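Peer 1: quick one: sequence plus predicted model below, questions after.
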Amino acid sequence: MIITLKDGSQKEYAQAMSVLDIAKNISEGLARMATCGEVDGEVKDLRCVVDKDCTLSIHTASDPEGLAAYRHTTSHIMAQAIKRLYPEVKLAIGPSIADGFYYDIDSETPITADDLEKIEAEMKKIVKADYPISRFTKPRNEAIAFMKERKEPYKVELIEDLPEDSEISFYEQGEFVDLCAGPHLMSTKSVKAFKLTSLAGAYWRGDEHNKMLTRIYGTAFPKKAELEEYLTMMEEAKKRDHRKLGRELGLFMMNEAGPGFPFFLPNGMVLKNNLLDYWHKLHAMNDYQEISSPVILNRALWETSGHWDHYKDNMYTTVIDDQDFAIKPMNCPGSILVYESEPRSYRDLPLRLAELGLVHRHEKSGQLHGLMRVRCFTQDDAHIFLAPEQIKDEITKVAKLIDEVYNQFRFKYHVELSTRPEDSMGSDEDWELATEGLRGALDEMGLPYVVNEGDGAFYGPKIDFHLEDSIGRTWQCGTIQLDFQLPMRFNLEYTGADGEKHRPIMIHRVAFGSVERFIGILIEHFAGAFPTWLAPVQVKVLPISDKYAEYGKKVQSALKEAGIRAEIDTRSEKIGYKIREAQTRKIPYMLVVGAKEEEEGLVSVRSRKEGDLGQRLLDTFIKDVKEEIRIKAN
């Protein structure tokens, strides 16, 4: 058999071999690091036997697939430890996730955060025992009986949902057996560094009508240093939590009167409006025309768009004059109505319609999280109508605009191409044309990307931009979606140069994504210490005593006349206390004023970043800050 490796090289073997044996044949070092293999695109155990020609990638914990197998094994080790400590516990599911793993359990004995250390200690014993991990299968009926005998009702339910002719796989380590598709490591000893991090409630199968289970989260890495680095990042993330900083800095609030519906406070509105001013200017420079469409539109429109059939569970509906309406979850149908409101020619294309539209989506209460997951948000949408030959140029322009936005805030990012999901509409030909249009543009730009199979929108494939913040976390924000379906469903047309009617193609794109979520990301990225151009209060004037309050007010007035957002602290407090409080409020500049400053028209400048900058003429300080704001310095 001939094995084609991921670098294109080939190996020929006379007999069937396991993935692990092939890894050993390539390199003993690779075999020691290997966690799983990928045979003809399907992730498999190292114990999987290869007996025919195939393509093979051997993954280590440095690869996403390999790290997932490593963490999935750790979740089984945790489940084994839990069953040892709490034998009555019923196990649900325990997958690997982006930053670790979890296991959902049903326990008569309440599990608390205080128990995590005890579970970790038992996990270490299991790792030290070096239990070999083996895989076996059973026919569906035998598998059901096997799990019933082990008193695991959630596993029984999972098996019962599988087809009758299924062969069900299990993994065994020591006395522990779990229903699982794998892949897993070869031994428990291969797990080197792990930490249980938190607990949460989770409904069985994500259905709020089912029982609430306990979800135990953890993470694992192949090296202790990587684990410590991750835990340090998580501690830093706690300090930067946008919900905490949002309260402390007076940016936004949530209220039980509207769960998932954020309230922006005065400082938050200054931040939001500055962000949107930047958005308006950027789009005007890039030839976008701004529109605004209604928040509520009738059912017939959403049926035509496909949202009523494919997205209704996430939509809020109402009845007006005995007719069904929906609050818009997306802005695209409104842009389509604007497009078709008048005849269009090829000379109008590409037509770039931008909208800061308020959308509403029904999110489950357990998924709500500050500004990151809300039920209403402002989407910085644009819908671009264009001819087929304009696709690559236009996608390139959009990608450059998104790149400019992220560079403005010092974000690194990576790109994913998301392909057709199972629940989609349109022909195979249209999907192929749309997907290749996006792929071709990315290739032509030389922009590195990974393919995210099956994660496109129901109406078309998309390019997603995942930005990286200052402590290394990634967030999905910008997106470019190519859509052949909605122009067809709405029968959109334009008159071509040949005088004939043609159908436009539609690009959906956002740069911020959700404005609210982007603000949450910015709060955490900057730890609330926004660059001067974004800061709600840019300068705080601090008289050293009541005697100099009047001069302080003159300084404040001069700042405000120059367009600088300034406040004054006239309280009868010591100047050191005032400075510390202004620093806590993360204000970029503090101006201390006393006798000498009043006499000579000076201000003593303290910078949030650089500390004491000494005395300056007020006019000089104003000139410097205005320039800093103008260039949007970070």
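Peer 2: Good, I have the coordinates.

Peer 1: state the distance from I97 to S75.
Peer 2: 9 Å (Cβ to Cβ, to the nearest Å). Any C-beta I mention is one placed from the backbone N, CA and C, and that applies to glycine too.

Peer 1: mind checking pLDDT for the residue lying farthest from the centre of the chain?
Peer 2: Seen from the C-alpha centroid of the chain, the residue lying at the greatest distance (Cα atoms, centre = their mean) is E599, 53.9 Å away. Per-residue confidence at E599 stands at 93 (pLDDT).

Peer 1: got the contact list for it?
Peer 2: Taking Cβ atoms under 8 Å, 6 or more residues apart in numbering as the definition of contact, E599 has no neighbours.

Peer 1: show me which residues of the helix or strand harbouring it are buried.
Peer 2: When secondary structure is defined by DSSP states H and E, E599 falls within helix 595-600. Of the residues in helix 595-600, those buried by neighbour count under the rule 16 or more other Cβ atoms under 10 Å are 597-598.

Peer 1: output it as CSV - backbone C-alpha positions only.
Peer 2: Written as CSV, here are the backbone C-alpha positions of helix 595-600 (Å, rounded to 0.1, in the frame of the first residue of the first chain):
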residue,chain,number,x,y,z
ALA,A,595,0.0,78.6,42.3
LYS,A,596,2.9,78.5,39.8
GLU,A,597,0.6,77.1,37.1
GLU,A,598,-1.9,79.9,37.6
GLU,A,599,0.8,82.6,37.6
GLU,A,600,2.5,81.4,34.4
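
Peer 1: so how far is it from its chain's centroid?
Peer 2: Mean-position distance between helix 595-600 and its chain equals 52 Å (Cα atoms, centre = their mean, to the nearest Å).

Peer 1: how about stretch 251-264: buried residues?
Peer 2: 251-252, 254, 260, 262, 264.

Peer 1: run through who's touching that stretch.
Peer 2: 245-247, 265, 267-268, 271-272, 363, 365, 368, 370-371, 373-376, 516, 519, 523, 536.

Peer 1: could you do stretch 52-72 as well?
Peer 2: Where contact means Cβ under 8 Å, 6+ apart, the residues beyond stretch 52-72 that reach it are 1-6, 19, 22-23, 26, 30, 33-41, 43, 50, 94-97, 100-101, 180, 182-185, 190-191, 219-222.

Peer 1: can you check stretch 403-419 too?
Peer 2: Everything outside stretch 403-419 that qualifies as a contact, by Cβ under 8 Å, 6+ apart, is 278, 282, 435, 438-439, 442, 447-456, 461-470, 474, 478, 511-512, 522, 525, 632, 634.

Peer 1: quick one: the strands in the stretch 401-550 of the chain?
Peer 2: 412-418, 449-452, 462-468, 474-483, 494-495, 501-502, 505-514, 539-543 (DSSP state E, counting those that start in this stretch).

Peer 1: do the same with the stretch 101-250 of the chain
Peer 2: Applying DSSP E, counting those that start in this stretch to the stretch 101-250 of the chain gives strands spanning 133-139, 167-173, 176-179, 193-203, 212-221.

Peer 1: out of the ones you listed, which is closest to S427?
Peer 2: With distances scored as Cβ to Cβ, the stretch of these nearest to S427 is strand 167-173 (35.0 Å).

Peer 1: that closest one pairs with which strands, and in what direction?
Peer 2: strand 133-139 (antiparallel), strand 176-179 (antiparallel) (DSSP bridges).

Peer 1: check which residues of stretch 49-69 are buried.
Peer 2: Within stretch 49-69, the residues that qualify as buried are 50, 54, 56-61, 63, 65-69, counting by 16+ other Cβ under 10 Å.

Peer 1: now H383, nearest residue through space, not along the chain?
Peer 2: In space, H383 comes closest to S335 once its chain neighbours are excluded; the distance is 3.8 Å by Cβ to Cβ, 6 or more residues apart in numbering.

Peer 1: and that neighbour, that's in a helix?
Peer 2: Yes - under DSSP: H, G, I helix; E, B strand; the rest coil, S335 falls within a helix.
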